[in-house]
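Participant: fold the following for me, if possible:
(2 chains)
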Amino acid sequence: MSQPALVVTDLVRKFGDFTAVDHVSLEVQPGEVFGFLGPNGCGKSTTIKMICGLLAPTAGRIVVDGLDVATQAEAIRARLGYVAQFFNLYDTLTVRENLLFFGGVYGVPAGELEQRVDHWIDRLDLGGVAGQRAGQISVGLQRSLALAAAVLHEPVMLLLDEPTSGVDPVARRAFFEVIAELAASGAAVLVTTHVMDEAERCHRLSLMNRGRLVTEGTPTEIRALAGGSIWQVEVAPAGRALTLAESRADLSAVALFGTKLQYRVAEENGTGAPEAVAEWLREQGITTGPPKPVRPTIEHVFLQVLRDAPEEQP
Amino acid sequence: MRRIRAVARKEWLHIIRDPRSLIAALTLPVVLLVLYGYAVNLDLNELEWAVCDQDQSATSRALIANMSGLERFTFVGAIDDPEDTEQLFRLGTARGVVVLPAGLERDVFAGRTVPVQVLIDGSEGTIASLAQSYLEGAVNAFGAQISRDQARRRGLAGALGGQAIEARTRIYYNPDLISRKFLVPGLIAIVLMMLAALLTSGVVVRERERGTFELLAASPIAPSDLIIGKLLPYILLGLVDVVIAVVIGWVLFDVPVVGSPLALIVVSAIFVLTASAIGLFFSCVTSTQQAAMLLALASTVIPTMLLSGFAYPVRNMPLFLQGVAQVLPATHYIALLRGIILRGAGLMHMWPNVAALVAIGLLWPTVAIRRFRKAL
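Facilitator: Numbers count the residues shown, from 1 in each chain, chains lettered A, B, ... in the order given. You can find the predicted model right below:
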């Protein structure tokens, strides 16, 4: 039985009076892609920085591959691969030079370094820009380069902080294929995101809000949390329809997709029934089409969780 | 070693891809040495002088003609009244005036010693004392010449006039040679100190500013490997600067290296390591490049200029400042440079300076490594 790649227990980080991470606990197994979901500023990045040993926890314990971050930070760093939220490789070095540097810093044996660099350049489609300076390639390729630099030393645990921000959907899909491959070969992956289609690709998910873990489970389990049913209706004018729908306490997961308004209803009858809501909107002067049921997604759960979370000012 | 090499290689790529720092590293020693070499000059290259000839005799005219022909003496004119001297000084037309009294020729032929008044503009101390010794020397030399001619005419070979003896010592004293030779090794040290500290002051804080520090900090590299790897390319660059500086000292200021070039390179490498480590130390403890640069410059250049014995002898300082001078790497480096370049001395003969330089050279990189934090 292999030990967990990462065990986080009751992790707390405070910045002055502000609690950025509030008693977070989680476990990631080898071969698992663990998704960390939450809005910007919810404490995802702070948690990842503490796992990397870049920030000291205020309280709590982090164990990577059986080693405690508090006492064996250097040994852990050799087992981690880290892709930061913003591109932070060397602009004036070429793609290849960046990879050789990080391989060297992580202690990849000299005899294997070239070969591994070539492999990742090839696998992440960086061949065309290998000789170009990292500051001059596209954002998507920069993300690929950052990922390559993080996996050259074959880390036990890969930490990806919004690895696909600024990347187009096609490249994002390819990126997640590589992540799935790395997991299949035994690496544990912790990936933060606020993009829902990425969340669907994770083995397990954790929803974070205001420094706390709100819920955890497989994507299927998370989707099942969405009680009631989700409906979608064409509306015009869309902006006013959204404001009206949001003002109703009996609707949750209210969101607007173009001219389509979505909402979750808790009950199928009475004034809260989907048709009754559409009827109510028409009475308020909104033009609507017929409501249609929608398959619940993680985003619905997420919106619901955010709405249900107690409003407290930090 | 593999990690040090990776860091050193990366740092080297930064240097050669950043034209600003590379141009600074290669042209600053030339600019600074030439600038300092000509500006910091304890010599008087041109002495403007005037005369007040109250005798108007053949002897007085001969004296004026003789002095006007001397190297560095520029004759600016004659005045009728010694009272006009102040006017000349105020306008800066002349730095000195020679007053030849009436009856000069008569008294000279009578065998009496004639007092010749030399008036000096004392507003610039160093220049004033030089002007004084130049003018006194010239007058006395001429007096001695006359004494010799008279003695020869009277058949008393070897008899000398009273004023000639003192004058001779002044004439033989040649401040030009001494001040140049004395200053060039100090200039090399100051230029190196300034450059090395300046170039390395950015290397850690720049990574913090650009965000690349985060990945370095997340990597398993040891602070010592990182600091050593970052220092190596700058030591190499510093040694190139040493060669440039020494060549300029040789070609422009005529100060050749008398001693062993190998010894010169060895002590220079230790000195450059120390200066670079000081810059890197400030890079580790500051949060902006500007702050690091300012601190590195202020803490290296100012004490080095004042206390290292570059122009003002350490021996003449109060005891406390002598102690401070001993912990400055430049104090020992300048002493070693003077030994190697000017006197051709071997390192064995200067072992206390070598030992002190090595000790300081080990201290600063250690301090930089200790102060390096991987925290963001």
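Participant: domains for the chain, by residue range?
Facilitator: Just so you know, I chose chain A. Domains of chain A are assigned by automatic domain parsing as A:6-223, A:227-295.
Participant: hmm, I had chain B in mind actually
Facilitator: B:2-41+B:177-371, B:47-173.
Participant: report the distance from the shortest one to the chain centre.
Facilitator: This points to domain B:47-173. In terms of CA atoms, centre = their mean, to the nearest Å, the centre of domain B:47-173 is found 32 Å from the chain centre.
Participant: and the residue nearest to B:Tyr36 when sequence neighbours are not counted, which helix or strand is it part of?
Facilitator: Leaving aside its sequence neighbours, B:Tyr36 sits nearest to B:Leu187 (CB to CB, 6 or more residues apart in numbering or on different chains; 5.0 Å). Heads up, the C-betas are built off the backbone N, CA and C, glycines and all. In this assignment (DSSP states H and E), B:Leu187 forms part of helix B:175-200.
Participant: likewise A:Cys42?
Facilitator: Per DSSP H and E, A:Cys42 falls between elements, in no helix or strand.
Participant: mind listing what the residue nearest to it when sequence neighbours are not counted touches?
Facilitator: In this structure, A:Cys42 finds its nearest non-sequential neighbour in A:Met208, 4.8 Å apart by CB to CB, 6+ apart. The contact partners of A:Met208, by CB atoms under 8 Å, 6 or more residues apart in numbering or on different chains, come to A:Val24, A:Phe36, A:Leu37, A:Gly38, A:Cys42, A:Gly43, A:Lys44, A:Thr47, A:Val214.
Participant: how many residues are close by the fourth one?
Facilitator: As a burial measure, A:Gly38 scores 25 neighbours (other CB atoms under 10 Å in any protein chain shown).
Participant: B:Leu273 contacts B:Leu363, doesn't it?
Facilitator: No - because the distance of 10.9 Å does not satisfy CB atoms under 8 Å, B:Leu273 is recorded as not touching B:Leu363.
Participant: now the domains of chain B in a markdown table, with mean pLDDT, distance to A:Phe175 and mean neighbour count?
Facilitator: Shown next, in a markdown table, are the domains of chain B (pLDDT from 0 to 100; distance: least, CB to CB, whole Å; neighbours: other CB atoms under 10 Å in any protein chain shown):
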| stretch | mean pLDDT | distance to A:Phe175 | mean neighbour count |
| --- | --- | --- | --- |
| domain B:2-41+B:177-371 | 88 | 19 | 19 |
| domain B:47-173 | 74 | 72 | 16 |
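Participant: can you redo those as TSV with distance to A:Thr71?
Facilitator: Output for those, formatted as TSV (distance: least, CB to CB, whole Å):
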stretch	distance to A:Thr71
domain B:2-41+B:177-371	15
domain B:47-173	64
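Participant: and the lengthiest helix in chain A, how far out from the chain middle?
Facilitator: When chain A is scanned for its longest helix (criterion: DSSP state H), the result is helix A:169-184. Its chain's C-alpha centre and that of helix A:169-184 lie 13 Å apart, by CA atoms, centre = their mean.
Participant: for it, what is the average pLDDT?
Facilitator: Averaging pLDDT along helix A:169-184 gives 88.
Participant: C-terminal to it, what's the next element?
Facilitator: Scanning onward from helix A:169-184 (DSSP H and E), the first element met is strand A:188-193.
Participant: doesn't B:Leu33 make contact with B:Ile188?
Facilitator: Yes - proximity of B:Ile188 to B:Leu33 meets the contact threshold set by CB under 8 Å, at 7.3 Å.
Participant: got any residues that touch both of those two?
Facilitator: Joint contacts of B:Ile188 and B:Leu33 (CB under 8 Å, 6+ apart) are B:Ala245, B:Gly249.
Participant: pick the most buried one from the domains of chain A.
Facilitator: domain A:6-223 (a mean of 19; mean count of other CB atoms under 10 Å in any protein chain shown).
Participant: give me the most central residue, chain A.
Facilitator: A:Thr193 (1.8 Å; CA atoms, centre = their mean).
Participant: from A:Ser206, how far out is that residue?
Facilitator: When CB to CB, to the nearest Å is applied, the distance between A:Thr193 and A:Ser206 equals 11 Å.
Participant: overlap in contacts, the two.
Facilitator: The contact sets of A:Thr193 and A:Ser206 overlap at A:Gly35, A:Phe36, A:Leu37 (CB under 8 Å, 6+ apart).
Participant: nearest to B:Ser299, of those residues?
Facilitator: Sorting those by distance to B:Ser299 puts A:Phe36 at the head of the list, at 45.3 Å, by CB to CB.
Participant: which SS class is that closest one?
Facilitator: Local secondary structure at A:Phe36 is given as strand here, using DSSP: H, G, I helix; E, B strand; the rest coil.
Participant: residues in contact with it?
Facilitator: Counting by CB under 8 Å, 6+ apart, A:Phe36 has contacts A:Lys44, A:Thr47, A:Ile48, A:Leu190, A:Val191, A:Thr192, A:Thr193, A:Leu205, A:Ser206, A:Met208.
Participant: identify the farthest-apart pair in those residues.
Facilitator: A:Ile48 and A:Leu205 (15.7 Å).
Participant: helices and strands of chain A: which one has the lowest mean pLDDT?
Facilitator: Per-element confidence for chain A was summarised using mean pLDDT, DSSP states H and E. The lowest value among helices and strands belongs to helix A:298-308, with a mean of 72.
Participant: for the residue nearest to the centre of chain A, list each beta-bridge partner.
Facilitator: Going by DSSP bridges, A:Thr193 is paired in beta bridges with A:Leu37.
Participant: show me the contacts for it.
Facilitator: Per CB under 8 Å, 6+ apart, neighbours of A:Thr193: A:Gly35, A:Phe36, A:Leu37, A:Glu162, A:Thr164, A:Ala199.
Participant: so how far is A:Arg223 from the third one?
Facilitator: Between A:Leu37 and A:Arg223 the distance is 13 Å, computed by CB to CB.
Participant: and the fourth one, by the same measure?
Facilitator: As judged by CB to CB, A:Glu162 and A:Arg223 stand 22 Å apart.
Participant: for the residue nearest to A:Cys42, grab phi and psi.
Facilitator: Backbone torsions of A:Met208, given as degrees, to the nearest 10, read phi -120, psi 140.
Participant: do the same with A:Ser229
Facilitator: A:Ser229 adopts backbone torsions of phi -140, psi 150, taken as degrees, to the nearest 10.
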